[in-house]
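1. Predicted coordinates and the sequence they were generated for:
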Amino acid sequence: MTRISRKQFLALGAASLGLAGAGLVGGDLLAGKGVPGGGEGGSVPGDLVGASSRIGHRLRSGGFPAPGETLKTGILIVGGGIAGLGAGYRLAKAGHDDFLLLDLEAAPGGNAASGRNEVCAFPWGAHYVPLLTEEARAVRALFQDLGIITGYDAKGTAIYDEYALCADPSERLYRYGRWQEGLMPAIGLDADEETDGKRFFAAMKAFRQRIGSDGRRAFAIPLDLSSQDADLMALDDLTMATWMEREGYRSPSLAWYVDYCCRDDYGTRSCDVSAWAGIHYFAARNGRGADAEDQGLVTWPEGNGYLARRLADALGPRIRTRSLAHAVEAKGNGVAVDVWDAAEDKALRIEAKAAILATPHFVTARLLRDQNLAAGFSYAPWAVANITLSRLPGGTGANLSWDNVVFDSPLLGYVVATHQITQMRPTRTVLTYYWPISHLPPEDARREALARPLEEWQAIFLKELLAVHPELDGHVERADVWVWGHAMIRPVPGFIWGGQRRAGLQQRPPIFTAHSDMSGVSIFEEAYTHGVRAAEKAMAYSGHPFETVL
């Protein structure tokens, strides 16, 4: 194989600028008429679903009526994603029952939302949690509460619920007309590419094992517990693609794989992701399970929707859905929050001793009427399709896996929702197909995505699917699509260890903030930890006793 130049290597990070990939028919996702796999007239049943952007966008336009009634509570949580649910769960566990949680949607969960049909449950967003690091103490306590960690062996290594651990086979990659095990390309590599891959993974192992001069791991989860050594911090100033070029990596296959990992975890290409964040993906995850393989993970048919549901169940009637907070103000010894109840079409005010804003920073800035708070925070849009099939996918080579990826595609691939249902082999299934829309700047990508009709979305996902699975033609029962306009924070160079994010960590009692974007990476451990931390700070402020789990 031909070695690539610096210019070509950096360009690989921008491979998704076009919508052409190895698995895409004719290089044009929207070529032809109708929707592939559809019935008569080329139509496939489905809905364009998603977050309530129309209601949420009222934050920009305003015009809310004056509140007609006032409610009182001890602590008010605004936002029902993992951070908000985590804050509520921590309050409830500590015996602080005087709180309410508001969420805009019909059900809480944020980007851990999930759905269900007659076949099975399935994720609409986040779909796994890696085996926990030692630093993720709050999440470890949660997993023990929920029975995901069932105990510890004689060496102190966690024992995980076998039904939560991802079942084998876990990953496969489609390239050269066949499937291989694992996602790092392994077929058709020359000696130079193989050497590059071995050297890269040895470097990532060294980062994973490194302890900084401050006694901290070089890369940790939660990330604010990472070492602050100057040479490590400096990695945040350049892109992952630039770092790889600097280190002499020239393999096109390795460049694709690293770019895929950046898009998978951050919704952003390696030429736009901070090198610190890119390395963090590989070096921070050192969790182990007594009954699990290294680099293992836990997942469920509905992905992290399982965790969101368990958290929400613990809060019960304290959750008020279809409720849009639109103004938050510290007043006297407490907080006043104006709310529009979309379900009952009425305005009200909630007065609390303290408030936890478990909202993205761009929303928090509007709630507090301080747009400076959102400076430097950038969010990646995503589209997710759940495709219901009357038969399982096949393919030459490696067997159907939990995660199935097509080489050199702008889409990320699909997760099999029925993979974790191990009691019997299903005859029908749901595939959750992910696409981080990173071929345009985020604002342009959002505008394009929100304007695209359902049939075009279905064409994008189904042409990709049928290109590698022609045996599924005629077996597509429906294809539903969810568009996430602000799916996750983008860890661009200078953001994670820069002043803007660090300023966002500052708390201003009686108003506290909690969200994964306060870390710069959108993963469960970060969101939940921020929720727990905000809850504990709110309890300390209000004088409620507790023992920290952080």
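-> Alright, I've got the coordinates. Since we're looking at a predicted model, the values are computed, not measured.
2. Helix, strand or coil: sort out D480 for me.
-> Three-state call for D480 (DSSP: H, G, I helix; E, B strand; the rest coil): strand.
3. what's the burial count for it?
-> By the other C-beta atoms under 10 Å criterion, the neighbourhood of D480 contains 24 residues. Placement of C-beta: from N, CA and C, glycine included.
4. cool, S522 as well?
-> If we define neighbours as other C-beta under 10 Å, then S522 has 27 of them.
5. OK, contacts around it?
-> Contacts for S522 were tallied using C-beta atoms under 8 Å, 6 or more residues apart in numbering; they are 111, 126, 266-267, 487-489, 516.
6. Same check on I511?
-> Taking C-beta under 8 Å, 6+ apart, we find I511 in contact with 328, 330, 335, 354-355, 357, 368.
7. Just put these in a markdown table and tack on pLDDT, secondary structure and distance to N286.
-> Below are the contacts of I511 laid out as a markdown table (pLDDT from 0 to 100; DSSP: H, G, I helix; E, B strand; the rest coil; distance: C-beta to C-beta, whole Å):
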| residue | pLDDT | secondary structure | distance to N286 |
| --- | --- | --- | --- |
| V328 | 96 | strand | 39 |
| A330 | 95 | strand | 41 |
| V335 | 97 | strand | 40 |
| A354 | 98 | strand | 36 |
| A355 | 98 | strand | 36 |
| L357 | 98 | strand | 32 |
| L368 | 94 | coil | 37 |
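8. Select, from the residues you listed, the two members most distant in space.
-> Largest separation among the contacts of I511 by C-beta to C-beta: A354 and L368, giving 14.5 Å.
9. Could you list the domains of this protein?
-> Using automatic domain parsing, the domain parsing of the chain gives 6-50+169-190+233-286+378-489, 53-116+304-376+494-542, 130-164+289-298.
10. quick one, which of those domains is nearest to A202?
-> Among the domains of the chain, domain 6-50+169-190+233-286+378-489 sits nearest to A202 (C-beta to C-beta), with 11.2 Å.
11. could you measure the residue nearest the centre of the chain against W382, distance?
-> Centroid-nearest residue in the chain: A126, 4.5 Å away (criterion: C-alpha atoms, centre = their mean). Distance, A126 to W382, using C-beta to C-beta, to the nearest Å: 11 Å.
12. Who are the contact partners of the nearest residue to A113 once chain neighbours are set aside?
-> Among residues not flanking A113 along the chain, W124 sits closest, at 4.3 Å (C-beta to C-beta, 6 or more residues apart in numbering). With contact taken as C-beta under 8 Å, 6+ apart, W124 is in contact with 49, 113-115, 305, 384, 386, 432, 482.
13. What subset of the residues you listed is buried?
-> Buried subset of those (neighbour count, 16 or more other C-beta atoms under 10 Å): 113-115, 305, 384, 386, 432, 482.
14. Which single one of the residues you listed is nearest to V468?
-> Using C-beta to C-beta, the buried ones among the contacts of W124 come closest to V468 at T432, 15.9 Å.
15. TSV for the buried ones among the contacts of W124, including distance to F200, secondary structure and pLDDT?
-> Shown next, in TSV, are the buried ones among the contacts of W124 (distance: C-beta to C-beta, whole Å; DSSP: H, G, I helix; E, B strand; the rest coil; pLDDT from 0 to 100):
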residue	distance to F200	secondary structure	pLDDT
A113	34	coil	96
S114	34	strand	97
G115	37	strand	96
G305	34	helix	97
V384	29	strand	97
N386	34	strand	98
T432	29	strand	98
W482	34	strand	96
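16. Tell me the one among those residues nearest to A234.
-> The closest of the buried ones among the contacts of W124 to A234 turns out to be V384 (C-beta to C-beta; 35.2 Å).
17. contacting residues around the closest one?
-> 123-125, 432-435, 481-482, 484.
18. In strands only, show me these.
-> 123, 432-435, 481-482, 484 (DSSP state E).
19. Can you add distance to S227 and give these back as CSV?
-> Formatted as CSV, the ones in strands among the contacts of V384 follow (distance: C-beta to C-beta, whole Å):
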residue, distance to S227
P123, 33
T432, 36
Y433, 37
Y434, 32
W435, 34
V481, 41
W482, 38
W484, 32
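20. Now for those, which sits with the most neighbours around it?
-> Among the ones in strands among the contacts of V384, the one with the most neighbours (other C-beta under 10 Å) is P123, at 29 neighbours.
21. That one bridge partners, please.
-> S114 (DSSP bridges).
22. I211 now?
-> Beta-bridge partners for I211, by DSSP bridges, are R217.
23. Tally up the residues packed near it, please.
-> I211 has 11 nearby residues by other C-beta under 10 Å.
24. which residues sit in contact with it?
-> For I211, the contact set (C-beta under 8 Å, 6+ apart) comprises 217-218, 227.
25. now swap in A158 and tell me
-> A158 touches 131-132, 140, 143, 149, 151-152, 288-290, counting by C-beta under 8 Å, 6+ apart.
26. again, only this time at 10 Å
-> By C-beta atoms under 10 Å, 6 or more residues apart in numbering, A158 lies in contact with 131-132, 134, 140, 143-144, 148-152, 287-292.
27. ok, for it, nearest residue in space, not its chain neighbours?
-> I149 (4.8 Å).
28. what sits opposite the one you found in the beta ladder?
-> Residues in beta-bridge contact with I149 (DSSP bridges): Y160.
29. Is it correct that it is in contact with R288?
-> No: taking contacts as C-beta atoms under 10 Å, I149 lies outside contact range of R288: 11.7 Å.
30. shared neighbours of these two, which are they?
-> Counting by C-beta under 10 Å, 6+ apart, the contacts common to I149 and R288 are 131-132, 158, 160.
31. tell me the two of the residues you listed that are most distant?
-> The most widely separated members of the shared contacts of I149 and R288, counting by C-beta to C-beta, are L132 and Y160 (9.3 Å).
32. shared neighbours of the two, which are they?
-> 143, 148-149, 287-289, 298.
33. Greatest separation within the residues you listed: which pair is it?
-> Farthest pair in the shared contacts of L132 and Y160 (C-beta to C-beta) is I148 and R288. Separation: 14.7 Å.
34. Tell me which of those two has more neighbours.
-> For I148 versus R288, neighbours defined as other C-beta under 10 Å are more numerous around I148 (23 against 17).
35. check contacts around that one.
-> 129, 132, 139-140, 142, 158, 160-161, 163-165, 298, 300, 306-307, 310.
36. go on, T364?
-> So T364 contacts 78-79, 328, 357-358, 370, 373-374, 377, 504, 511, 513-515, 517-518 (C-beta under 10 Å, 6+ apart).
37. Helix, strand, or coil at it?
-> Applying three-state DSSP: T364 is helix.
38. how near is L307 to A383?
-> 23 Å.
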